[in-house]
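Colleague: Sequence first, then the predicted structure, then my questions.
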Amino acid sequence: MHSDVAISVKNLTKAYRIFGHPGDRIKQALTLGKMRFHREFTALQDVSFEIKKGETVGIIGRNGSGKSTLLQLICGILKPTSGSVEVNGRISALLELGAGFNPEFTGRENVYFQGALTGFTQAQMAERFDAIAAFADIGEFIDQPVRTYSSGMFVRLAFAVATSVDADIVLIDEAMAVGDIAFQARCFSRIQQLKGNGTTFLLVSHSMSQILNNADSALLLENGMAVKYGGNVQAVVAAYEARVRNTSRQAPYVEATPHLSAHPITPSTHEQLSEVAAAQARRDLHESRFGTFESIVSKIVFMQQGIESVCLAPDKETVVRFCIESSRGFSSAVLGISARQPGSGDLWGDNNLLAGHPLTLHPGMNYVEYTFILPLASGQYLIHCGLAVFESGNRIELDQRWPAEQITVISPRVQLGHVYAPITVKVTG
């Protein structure tokens with residue numbers, strides 16, 4: 001292995017024997033393997049890659065794809081069925097919540113215990129203890145048994161320890177998912193600091209914004225196999241999102257006809273549009289869709305610099321193109337769009353009426369474009385849209401899609417909250 005390589009994985013495979021009954025293990029042993037009482041489950045299959053020193057690699061994939069198994073093989077908790085893992089340097093691992101900590105020990109005792117496991121003396125850990133306690137920021141709970149900790153308190157202490165033992169390689173498996181946003185910001189600031197000192201990171205996360213903002217390269221696992229790996233992190237994330245959508249969707253996603261005219265010769269009937277709306281429902285996003293469906297929003301496209309993408313940059317001109325198919329003509333239509341996160345209200349939104357622009361829909365395909373400067377900070381957002389019309393003084397919902405799309409915003413730096421409004425600093429006198 002070259003001196004600039006931190007981790008080398010070659011043809012790595014991990015298979016398990018799954019027994020249907022506890023007694024089947026004894027039967028297997030008694031027959032000396034001549035009879036089979038188990039089935040094989042392959043958690044990882046023929047995975048190969050190299051990670052350079054100082055590189056941060058994001059590992060993504062759905063639950064059960066082999067991400068945690070891979071980390072456990074790298075740090076030596078598991079032994080491979082075949083293939084090899086070579087590691088160049090000291091490893092510190094922050095794996096599933098609770099791993100490596102004794103629940104009956106206090107936080108203080110666990111700090112020293114973890115230090116001993118990584119080869120540090122009590123005196124060496126004593127030198128680091130104040131900094132670890134300050135970063136964890138759990139106050140008097142540092143002297144309480146960790147079984148009394150909340151998940152947030154636990155991960156604070158575990159991250160502080162894992163990044164304070166002078167490791168050459170740090171493995172993090174979904175640990176920061178339970179941290180609040182301020183703590184996550186501090187964690188990623190610490191990661192950037194350690195990266196500058198040459199530390200290698202492997203980061204497993206279901207948050208694509210964390211991967212996009214922090215990884216130098218990314219590995220996509222599916223069914224235990226390496227599907228895509230490389231330094232184009234955005235391409236790897238896009239491949240993951242495409243696979244999730246394709247396998248989650250129970251009905252085909254019907255594309256709007258790419259017709260440039262607002263007056264197709266034969267517009268779809270109301271009944272046909274109702275069928276299209278039902279087929280288009282985004283089951284992967286648990287979309288709630290309702291309305292009369294006399295007119296529907298059949299497609300939404302996000303564009304920056306003329307390129308279609310759901311991975312967007314903040315503070316950039318963004319175009320959202322709505323493809324609206326209508327069974328008949330409507331005047332005084334209102335088309336709204338909003339962004340939110342699960343469990344939150346609207347973080348941003350607007351519509352054509354608030355913008356002072358009337359909207360008339362013609363039978364057939366209509367195209368409407370909204371242009372704005374994207375105001376959102378780093379994160380993943382659900383995009384809701386709604387189409388309604390005013391007739392005889394009444395508002396009629398034509399097509400409400402909650403949500404219709406999901407976007408990932410990639411900020412150039414960490415920021416608190418959801419609004420992208422970076423400060424500039426000027427010090428005088």
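Modeller: Now that the structure is in, tell me what you want to look at.
Colleague: Relative to residue 363, how far out is residue 390?
Modeller: 19 Å (CB to CB, to the nearest Å). In short, each C-beta sits where N, CA and C put it, glycine included.
Colleague: who's more crowded, these two?
Modeller: residue 363 (19 against 14; other CB atoms under 10 Å).
Colleague: What is the neighbour count of the closest residue to that one other than its chain neighbours?
Modeller: Closest residue to residue 363 apart from its sequence neighbours, by CB to CB, 6 or more residues apart in numbering: residue 267 at 4.1 Å. Neighbourhood size, residue 267 [other CB under 10 Å]: 19.
Colleague: any idea of the pLDDT on residue 267?
Modeller: Listed pLDDT for residue 267 reads 76.
Colleague: go on, residue 193?
Modeller: Looking at residue 193, its pLDDT is 89.
Colleague: name the element it belongs to?
Modeller: Per DSSP states H and E: residue 193 is located in helix 181-196.
Colleague: so what secondary structure elements neighbour that helix?
Modeller: If you count contacts as 3 or more CB pairs under 8 Å, 6 or more residues apart in numbering; DSSP states H and E, helix 181-196 packs onto helix 151-162, strand 200-204, helix 208-214.
Colleague: Which among those is found nearest to residue 8?
Modeller: strand 200-204 (12.0 Å; CB to CB).
Colleague: Show me what that closest one pairs with in its sheet, parallel or antiparallel.
Modeller: Paired with strand 200-204 in the same sheet, following DSSP bridges, are strand 56-60 (parallel), strand 169-173 (parallel).
Colleague: sorry, back to before: buried stuff in the helix holding residue 193?
Modeller: 183-184, 186-188, 190-191, 194-195 (16 or more other CB atoms under 10 Å).
Colleague: rewinding a little: over to the residue nearest to residue 363. Which of the three states is it?
Modeller: coil (DSSP: H, G, I helix; E, B strand; the rest coil).
Colleague: Parallel or antiparallel, which strands does whichever strand or helix holds residue 335 pair with?
Modeller: Here residue 335 sits within strand 333-340, counting by DSSP H and E. Here strand 333-340 has these sheet partners by DSSP bridges: strand 348-351 (antiparallel), strand 379-391 (antiparallel).
Colleague: Okay, strands next: where are they in the stretch 201-350 of the chain?
Modeller: For the stretch 201-350 of the chain, the strands defined by DSSP state E, counting those that start in this stretch occupy 217-222, 225-230, 288-290, 295-304, 307-308, 311-312, 317-326, 333-340, 348-351.
Colleague: that older thread, what comes into contact with the strand holding residue 335?
Modeller: Residues from elsewhere that reach strand 333-340, judged by CB atoms under 8 Å, 6 or more residues apart in numbering: 295, 297, 320, 322, 324, 346-353, 359-361, 368, 370, 376, 381-390, 398, 403, 407.
Colleague: Of those, just the buried ones, ChimeraX syntax please.
Modeller: With 16+ other CB under 10 Å as the criterion, this ChimeraX line picks the buried residues out of those:
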select :295,297,320,322,324,347,349,351,352,353,359,361,368,370,376,381,382,383,384,385,386,387,388,389,398,403,407
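Colleague: Pick the most deeply packed of the strands paired with strand 200-204.
Modeller: Comparing these by mean neighbour count (mean count of other CB atoms under 10 Å), strand 56-60 comes out on top with a mean of 25.
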